[in-house]
Structures are given as C-alpha cells and as structure tokens.
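Trainee: how would this look folded up:
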Amino acid sequence: MAEIVIVPGEAEAGDLVADAIVDLIHRKPDAVLGLATGSTPLPIYRALAQRIRDESVDVRGVRGFALDEYVGLPAGHPESYRAVIRREVVEPLGLTPELVRVPNGDPAGIEHAGADYEAAIVAAGGVDLQILGIGRTGHIGFNEPGSSLASLTRVKTLTEATRLDNARFFDSPDDVPMHCITQGIGTILRARHLVLLAFGEAKADAIAAAVEGAVSAAQPGSAIQLHPHVTVLVDEAAASKFENLAYYRHAWANKPAWQGI
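Mentor: Numbering: from 1, shown residues only. Predicted coordinates:
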C-alpha cells in the first residue's frame, strides 16, 4: 500500500519531498524528475530551490519531463505548461533548460506527439521520481475519469470541472483549452517513485478514493495502489475522509528514520 504522511501544512510537505529529491540527485546526478504543474507542487519547488542554493547542489545534469500540456495555445502563451515549467521550475532551480521536456501541444504534429514523448522518456531511462497532484474529479495528470489504467501519453478532452478549476489562470473560462496532451496512467506507473500531494478539504474525497477505494478507471488516482513505491502527503483537511487515519499516523510515527520516504 501507499505510505501516507499527514503533515501540518504545505511547507512541511515541500521540505520532505525536497529532501528526497536532493538525496536522489546526490546518488544520481542525472536523475529524471517527473514534473507536475498547478499550485499543489509549488511548496516542493520552493523548498528544493532553497536547498539547492544553501547546499550548492549541482543540478546541471538533472533531467525532467512535465506531465502534460494544453493543445493549441500559441507559442509563448504564459499559461502554457512549457512557460509554467520554465517559470516555476527550471529558472528557480537552475536546471539546464535543454534537459527539461514538455509534451508538444502544437496541433501541427499532435498525431504523433504522444508517441514521441513516450520514446523520449524511455530513452532517458525512465522517471526516477514523479510528482503528482490530484484533481477534484480524481484525475492525475490530465487523465480524467474513464481513462484506461494502461494508457500512455495521448490527447484527452478535459471535463468542464477541470476547465473550471483551471479558469483562474486565464482571463475567462472560455479561454481554457478543451484538449490537452498528457502522460497516461500507464506512463505514470512506470516511474520508480510516485509522490502524490493533496491539500485542503476540497481534495479529501478524491484522495480517500485514490488511497482506500476500489481500483477503477472511474477514479484515475486509484491506480497508485498498483505501484510498489508511493508516498502520499496530505494536510489534516485533505486527510479528513480517510478511514484508516489512525494507522497512517502510527506507521509514520514508527517508521525507521533511515528509510526516508
């Protein structure tokens, strides 16, 4: 089962994951990170940037693959995930821009963009640590309910709920693209370590279904139950619907320190 860590807040979650990533980079200077966007992973990136500065961590060889991208946004659009990854991850962490990939959302080559991205991940040796958030619909990446648990990188149609959630980044809800290209659930499950974060009461139902519910395409996040190394970090509000909350606290409190996350 996944390891569940209940933290006081987002900053503490960011610190724990940043520690794990720095340890990974020390062991493997060309580590491959799976990069999520949105507000959920920002505490990780802030804490990691601070650690890199404070400890002079060499990240020149670190590689990255973003989870997803909108289809059809103009090149240079500030809300394209290419721009977001550059702004929130590559520049603050000092990563080598050429080593960080984002799916190609250009409609001109969209028919083979998924296969191209899959090939690039395989050529890099796979993702070592994949950062994930979860949507209110239970989606991970942009794998909406009904997505195959064996799916690979491909174009998906976004639900209206997801478009509404993302509308805060655009001038109006109508400006949110209808389509995206996203790593599939099967792609995500190939990463060697999954780190899933959820904060706030609005995520409580989705994260409880992912961790404790039936494994089903109706709840894409539940696919994490099929993975051998998953860390789920939640605050008290997001943890409020867990049935086995007491056990999760007990297991974390008694975990050997050398194991990390």
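Trainee: Geometric centre of this protein: which residue is closest?
Mentor: In the chain, the residue lying closest to the centroid (C-alpha atoms, centre = their mean) is Leu132, at 2.2 Å.
Trainee: Could you list which residues are in contact with that one?
Mentor: 34, 36, 67, 140-141, 188, 194-197, 224 (C-beta atoms under 8 Å, 6 or more residues apart in numbering). (Glycine included, C-beta is placed from N, CA and C.)
Trainee: one more time with 7 Å
Mentor: Leu132 makes contacts with 36, 140, 194-196, as judged by C-beta atoms under 7 Å, 6 or more residues apart in numbering.
Trainee: Closest to Ala120 out of those residues?
Mentor: Checking the contacts of Leu132 against Ala120 with C-beta to C-beta, the nearest one is Ala36 at 17.6 Å.
Trainee: The closest one and Leu245: what is the separation?
Mentor: For Ala36, the distance to Leu245 equals 25 Å [C-beta to C-beta, to the nearest Å].
Trainee: what ranges do the strands span in this structure?
Mentor: With DSSP state E, the ranges of strands along the chain come out as 3-6, 32-35, 63-66, 68-70, 100-101, 129-132, 154-157, 179-182, 194-198, 230-234.
Trainee: Show me what the worst-scoring helix or strand of the chain on mean pLDDT is in contact with.
Mentor: Ranked by mean pLDDT, DSSP states H and E, the weakest helix or strand in the chain is helix 160-166, scoring a mean of 87. With contacts defined as C-beta under 7 Å, 6+ apart, helix 160-166 is touched by 135-137, 139, 144, 173, 176.
Trainee: How many neighbouring residues does Leu233 have?
Mentor: 26 (other C-beta atoms under 10 Å).
Trainee: Identify the bridge partners of it.
Mentor: Beta-bridge partners for Leu233, by DSSP bridges, are Val5, Leu197.
Trainee: residues touching it, list them.
Mentor: 5, 7, 13, 16-17, 197.
Trainee: try 10 Å this time
Mentor: For Leu233, the contacting residues are 3-7, 10, 12-14, 16-17, 40, 43-44, 195-199, 239, 261, by C-beta atoms under 10 Å, 6 or more residues apart in numbering.
Trainee: Can you give me the distance of it to Gly72?
Mentor: To Gly72, Leu233 is 33 Å away according to C-beta to C-beta.
Trainee: go on, Phe169?
Mentor: Distance of Phe169 to Gly72, given as C-beta to C-beta: 15 Å.
Trainee: ok so, going back, next one: the closest residue to the residue nearest to the centre of the chain other than its chain neighbours, what pLDDT does it get?
Mentor: Distance criterion C-beta to C-beta, 6 or more residues apart in numbering; nearest residue to Leu132, sequence neighbours excluded, is Leu196 at 4.4 Å. Predicted confidence (pLDDT) for Leu196: 98.
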